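Asker: Need coordinates for the following:
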Amino acid sequence: MSKSQTMTDSEGKEHKTPMFGGDFDIVRLLLEGRAFFALIAIIIVFSALSPFYFSLNNFLIMSSHVAIFGLLAIGMLLVILTGGIDLSVGSILALAGVCAGAMMQGLTAEAAGVILYPPVWVVVLLTCLVGAAIGALNGVLIAIFRVPAFVATLGTLYVARGIALLMTNGLTYNNLSGDPALGNTGFDWLGFNRLFGVPIGVIVLAVVAILAALLLTRTPFGRWVYATGGNARAADLSGVPVKFTTVMVYTLSGICAAIAGLVLSSQLTSAGPTAGTTYELTAIAAVVVGGAALSGGRGTIGGTLLGAFVIGFLADGLVIIGVSTYWQTVFTGAVIVAAVLLNSVQYSGRRRRSAGSGTPPSPKPSKPS
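Answerer: Next comes the predicted model:
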């Protein structure tokens, strides 16, 4: 509990004010910065438990793992900010990887009797279009046909996973590095190369995060996203294109999942139809741990990235010290439950403060970042 002192106003009513002056409140600080403090605590604990954890090389390796979940979490945040949910991102990741793998193996044009080997940039572009198409389908089902988000995205989860299995007959595409003679080399560049010592996957995550942050904080679309999540009916009456916004956030989520699929397939130099299983739950967990409200209207890109690093560094730390994978699942679930409880405490506190001051609670953060 924060230290405070009691003061009496002109009407004789007593009010508690922080002892340190201004609006400083240690409890509020810990709640709003919980993801950051949790990350620091994880690093300290595992550095003490293992001599291999605290090293630059290990941090870069763990960050390359986090890049996959971070990309999914950014797309998931956009959806959750509007009050929705996207359960299909793990399957979109798998389908995107399989599509990229199929193109790297060669596309057979039976009518012409030739096998086409598209260059890597075409593979990347077409794979992102696949993700965008599935995301747009989710958005149309939810915004236009008013199918509940949970049901719509659960359906596309099965459809996308089923298509990936049909395309591969349940097998895996291997050796996706390409052939210089065919002009399709460079796919493994995303997974193995480094720029200034930083893995390319981490750089991709940083670029996507910066673009998403600018989209949310510097464009009208960002204000539409927060307004839709705060109160969709009021936003619609205020002239916000709620349906367009909904379709777009699911489309962007699909693109983020496709990029994650490309990075993962590049790291593994293989693409399988079972990749990304339960990754949608990890993405939701990262968003929640980062402080976003599942009801919509509250959340930031920075918080979501911190949430992804918390979960990723925790999972890798447990692996390094030899904890069973079963216990890893238990610890991850405990972190999610704790994050939800802290979110409830934080936002209920805001509502009480707003009610006490006589002003309605804001549907979005005062300064999203």
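
Asker: Around the closest residue in space to Ala96 that isn't next to it in sequence, how many other residues sit close by?
Answerer: Excluding the flanking residues, the one nearest Ala96 by C-beta to C-beta, 6 or more residues apart in numbering is Gly261, at 3.3 Å. (Glycine included, C-beta is placed from N, CA and C.) Each residue near Gly261 was counted by other C-beta atoms under 10 Å, and the total is 35.

Asker: Adjust the sequence numbering to begin at 581 for everything that follows.
Answerer: Noted, 581 is the first residue going forward, which turns the last one into Gly841.

Asker: so Gly841 makes contact with Val704?
Answerer: No: between Gly841 and Val704 there is no contact under C-beta atoms under 8 Å: 10.6 Å.

Asker: what do those two both touch?
Answerer: Ala680 (C-beta atoms under 8 Å, 6 or more residues apart in numbering).

Asker: The residue nearest to Ala676 and Ile648, how far apart?
Answerer: 9 Å (C-beta to C-beta, to the nearest Å).

Asker: tell me, what's touching those two both at once?
Answerer: With C-beta under 8 Å, 6+ apart as the test, Gly841 and Ile648 both reach Leu673.

Asker: what about Val867, how many residues close to it?
Answerer: 29.

Asker: in terms of contact, does it touch Met656 like I think?
Answerer: Yes: if you go by C-beta under 8 Å, Val867 and Met656 touch, sitting 5.2 Å apart.

Asker: Spit out the residues that contact those two alike.
Answerer: Thr884.

Asker: what's the closest non-adjacent residue to Ala740?
Answerer: Nearest non-adjacent residue to Ala740 (C-beta to C-beta, 6+ apart): Ser671, at 3.8 Å.

Asker: Am I right that that neighbour sits in a helix?
Answerer: Yes: counting by DSSP: H, G, I helix; E, B strand; the rest coil, Ser671 is found in a helix.

Asker: what about it, distance to Ala855?
Answerer: 9 Å.

Asker: Neighbour count: the two, which is higher?
Answerer: Shown here are Ser671 and Ala855; by other C-beta under 10 Å, Ser671 has more neighbours (28 against 25).

Asker: Hmm, Tyr738 and the more buried one touching each other?
Answerer: Yes: assessed by C-beta under 8 Å, Ser671 is found in contact with Tyr738 at 7.5 Å.

Asker: Go ahead and name everything in contact with the helix or strand harbouring Val867.
Answerer: For Val867, the host element (DSSP states H and E) is helix 859-869. With C-beta under 8 Å, 6+ apart as the test, helix 859-869 has contacts from 615, 618, 648-650, 652-653, 655-657, 660, 665-671, 673, 737, 840, 874, 879, 884, 886-888, 890-891, 912, 915-916, 919-920, 923.

Asker: again with stretch 657-665
Answerer: Under C-beta under 8 Å, 6+ apart, the answer for stretch 657-665 is 666, 722, 729-730, 733, 792, 796, 805-806, 808-809, 812, 825-826, 829-830, 832-833, 864, 867, 870, 872-879, 881, 884.

Asker: Let's see that with 7 Å instead.
Answerer: 666, 722, 729-730, 733, 805-806, 808-809, 812, 825-826, 829-830, 832-833, 867, 872, 874-877, 879, 881, 884 (C-beta atoms under 7 Å, 6 or more residues apart in numbering).

Asker: In contact with Ser643: list those residues for me.
Answerer: 779, 782.

Asker: how far away is it from Ile722?
Answerer: 33 Å.

Asker: residue ranges with poor pLDDT in the stretch 631-780 of the chain?
Answerer: Judged against pLDDT under 70, the stretch 631-780 of the chain has no low-scoring part.

Asker: what about the strands in it?
Answerer: Using DSSP state E, counting those that start in this stretch, the strands of the stretch 631-780 of the chain run over residues 687-689, 694-696, 753-754, 774-775, 778-779.

Asker: Who does the fourth one pair with, and is each partner parallel or antiparallel?
Answerer: For strand 774-775, the paired strands and their directions (DSSP bridges) read strand 778-779 (antiparallel).

Asker: cool, and the first one?
Answerer: According to DSSP bridges, strand 687-689 forms sheet pairs with strand 694-696 (antiparallel).

Asker: contacting residues around the strand it pairs with?
Answerer: With C-beta under 7 Å, 6+ apart, strand 694-696 has contacts from 686-689.

Asker: Return the closest of the residues you listed with respect to Asp816.
Answerer: When the contacts of strand 694-696 are compared for distance to Asp816 (C-beta to C-beta), Leu687 comes out closest, at 43.6 Å.

Asker: From Gly686, how far out is the nearest residue to the closest one once chain neighbours are set aside?
Answerer: Counting by C-beta to C-beta, 6+ apart, Leu696 is the residue found nearest to Leu687 once chain neighbours are left out, at 4.5 Å. Distance of Leu696 to Gly686, given as C-beta to C-beta: 7 Å.

Asker: The stretch 831-949 of the chain: strands as residue ranges?
Answerer: 850-851.

Asker: so who does the spatially most central residue of the chain touch?
Answerer: Centroid-nearest residue in the chain, with C-alpha atoms, centre = their mean: Ala653, separated by 0.4 Å. Contacts for Ala653 (C-beta under 7 Å, 6+ apart) come out as 863, 866-867, 884, 887-888.
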